[in-house]
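**Student:** dropping the sequence and predicted coords here.
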Amino acid sequence: MKTVRLTMAQALLRFLDAQYVEIDGQERKFVRGVMAIFGHGNVTGIGEALERSRGSLEFIQGKNEQGMAHAAAAYAKQSNRLSIYACTTSIGPGALNMVTAAATATVNRIPLLLLPGDIFADRQPDPVLQQIEHPMDYTISANDAFKPVSRYWDRITRPEQLMASLLQAIRVLTDPADTGAVTLALPQDVQAEAYDYPEAFFRKRVHAIDRRPPSSSALDRAAALLAGKKRPVIVAGGGVHYSLATEALQKFAETFGIPVTETQAGKSVLPWKHPLNLGGVGVTGTLAANRTVAEADLIVAVGTRLSDFTTASKTAFSNPETELLSMNIAAFDAVKLDAVPLLADAKTALEALTVKLSAAGYRTQHDPEVIAARKREWDAEVDRLYALEAADGLTQTRILGLINDFVQPEDVIVCAAGSLPGDLHRLWRPELPKSYHMEYGFSCMGYEVSGSFGVKLAHDRGDVYALVGDGGFLMLHSELVTSLQENRKIIVLLFDNHGFQCIHNLQRGHGSDGFGNEFVGKSGNVLPINYRGIAENLGCAAFSADDAVSLRQALEQAKAADRSALVHIRVLPGTNTDGYESWWRVDGAQVSESARVTEARTANDEVRRTARPY
């Protein structure tokens with residue numbers, strides 16, 4: 001057997017550089033590159049290998065480990081999980097900074113390869129800088145914190161262990177049913193240790209992403225269930241995008257006259273103008289969608305994990321006559337809410353059901369006029385909110401209307417947390433698939449700017465806009481510098497409402513007077529934070545807006561800028577949307593000095609009794 005002598009880090013990169021995926025006969029490189037922040041735990045191992053032996057892998061220097069890993073996850077999400085960047089850090093704090101991003105990727109079913117440095121495997125420098133030293137188990141390091149948030153975890157304590165581990169890592173990263181964060185902890189001495197690796201290990205590998213077809217019996221059960229229903233409604237999730245099934249979903253809906261509602265991850269599966277698209281569903285859903293779902297006798301869940309926001313904490317589908325059919329590649333998600341599972345690739349399942357039900361002459365009994373009227377009424381409500389004026393400033397819904405009118409169909413908006421996801425889910429009007437990029441599985445503040453940079457790495461057909469509150473921006477905006485360094489322009493639209501106003505609203509809605517959520521000093525005055533100055537000092541272009549005219553002008557200036565730009569927008573607090581016949585379970589105190597708090601808890605418990613029990 002022919003061998004080649006390489007360090008473990010060099011072998012790792014050579015293997016990653018030779019990985020490809022294939023779907024529907026199309027082949028593409030799976031690992032595009034490596035993002036890194038170097039420290040003593042990786043600079044002389046993977047750092048040396050990246051400097052001299054990275055092959056065709058691109059290198060991107062991160063600025064914050066969490067932000068860097070968010071960018072890698074956003075790239076994979078925007079690429080429909082068909083391409084990734086790996087992320088490497090030093091040991092200790094550098095590694096732990098990626099734990100939040102690992103959880104974000106795993107919750108959202110997004111492939112993310114993390115390569116944190118680790119303590120010395122030979123234990124001779126003892127304890128090494130940044131070592132935890134667990135007194136009961138000396139094998140534990142900071143990297144053990146990745147175990148609960150990773151789909152696959154390993155520690156490579158000998159260079160030859162790398163081979164078996166990488167095969168498992170790639171299996172998870174390319175498996176639509178099992179993907180998420182993969183963490184390979186790499187002791188710093190082992191990274192630099194040499195081994196005679198078989199040359200065959202580094203051959204080009206093409207990992208086929210086979211479309212799992214439904215079994216004939218499962219397809220029969222699904223078709224029989226649908227055939228007996230008069231008012232089914234589709235809930236389209238992110239799996240529709242990842243399986244490239246938007247056209248199949250549209251054909252399925254049109255063939256049988258089934259209204260479509262969208263989760264946050266599924267939004268943009270259909271153009272907003274499509275007559276069957278009723279928009280977002282659940283806690284942040286539209287009135288048209290929520291009313292139609294409440295009357296449905298069958299929920300056809302396609303590629304969704306049925307989170308509490310989608311199900312309105314299990315109250316949206318609480319009609320005892322409502323059944324669920326769940327098309328999903330993952331059995332774990334397919335059986336939720338006691339659904340009838342159809343384990344299959346979304347595109348394959350939709351196409352097979354379309355053929356089978358067409359042959360049987362199936363058609364729903366939805367009243368087209370009712371569906372059309374509800375859509376018209378909701379469109380009118382969005383128009384009203386987009387035009388909503390206030391005497392003392394800009395409302396959040398007015399700002400979104402102005403932005404939606406300005407951006408082009410091929411542009412992408414990115415968001416993650418605060419009140420913006422609810423307003424965007426209800427009000428945003430996308431025309432093309434993948435033009436709406438929302439991280440709402442984990443709703444991770446700080447994802448917005450970093451994620452926009454990752455999306456820009458995957459998207460070159462238009463501009464990429466980060467929509468972020470002032471709270472999220474303060475948490476994490478360091479990858480703005482990386483966007484400048486890599487000449488990947490992003491436009492940050494910063495909604496300044498002086499605090500964590502989404503949670504402030506939630507707090508007051510449950511009886512509180514409001515506590516600890518606004519950015520005010522001890523004197524009670526709003527903190528005078530110069531967000532525009534922050535962006536300019538980082539090297540970005542920056543503009544401000546406090547009315548409709550200045551916002552339009554700032555958007556035009558940001559679009560014309562030759563580098564990443566920030567638009568600071570002053571927003572009236574509390575001008576976001578809410579309600580629309582939905583509910584989200586947040587339990588208040590059962591005992592409180594405030595009568596309003598206990599009253600809110602009583603009202604909460606009354607709604608809670610209507611939820612599905614499982």
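**Tutor:** Received the coordinates, thanks.

**Student:** quick one, strands of the stretch 251-400 of the chain?
**Tutor:** Ranges of strands in the stretch 251-400 of the chain, per DSSP state E, counting those that start in this stretch, are 260-262, 277-280, 298-302, 323-328, 340-343.

**Student:** pretty sure residue 222 is touching residue 350, no?
**Tutor:** No - using CB atoms under 8 Å, residue 222 is not in contact with residue 350; the gap is 10.7 Å. From N, CA and C alone the C-beta is placed, and that goes for glycine too.

**Student:** of these two, which one has the most company?
**Tutor:** Taking neighbours as other CB atoms under 10 Å, residue 222 and residue 350 compare with residue 350 leading, 27 against 24.

**Student:** out of the strands of the stretch 251-400 of the chain, the one nearest residue 425 is which?
**Tutor:** Among those, the nearest to residue 425 by CB to CB is strand 277-280 (3.8 Å).

**Student:** ok so, going back, quickly list what's touching both of residue 222 and residue 350.
**Tutor:** When contacts are counted by CB atoms under 8 Å, 6 or more residues apart in numbering, residue 222 and residue 350 are jointly contacted by residue 327.

**Student:** nearest spatial neighbour of residue 36, skipping sequence neighbours?
**Tutor:** Nearest residue to residue 36, sequence neighbours excluded (CB to CB, 6 or more residues apart in numbering): residue 88, at 4.7 Å.

**Student:** can you list contacts of the helix or strand containing that neighbour?
**Tutor:** Using DSSP states H and E, residue 88 sits in strand 84-89. Around strand 84-89, the neighbours that count as contacts under CB under 8 Å, 6+ apart are 16, 30-37, 39, 41-42, 46, 58, 60, 62, 65, 68-69, 71-72, 75-76, 95, 97-98, 101, 111-117, 173, 186, 454, 457.

**Student:** got TSV for the strands of the stretch 251-400 of the chain, with mean pLDDT and mean neighbour count too?
**Tutor:** What follows is the strands of the stretch 251-400 of the chain, written out as TSV (pLDDT from 0 to 100; neighbours: other CB atoms under 10 Å):
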stretch	mean pLDDT	mean neighbour count
strand 260-262	98	29
strand 277-280	98	26
strand 298-302	98	28
strand 323-328	98	26
strand 340-343	98	22
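
**Student:** now the most centrally placed residue in the chain: how far from residue 558?
**Tutor:** Centroid check for the chain by CA atoms, centre = their mean gives residue 439 as the closest residue, at 2.8 Å. Counting by CB to CB, to the nearest Å, the separation of residue 439 from residue 558 is 22 Å.

**Student:** drop anything exposed from the contacts of strand 84-89.
**Tutor:** In the contacts of strand 84-89, burial by neighbour count holds for 16, 30-37, 39, 41-42, 46, 60, 62, 65, 68-69, 71-72, 75-76, 95, 97-98, 101, 111-117, 173, 186, 454, 457, counting by 16 or more other CB atoms under 10 Å.

**Student:** confidence score at residue 176?
**Tutor:** We have a pLDDT of 97 for residue 176.
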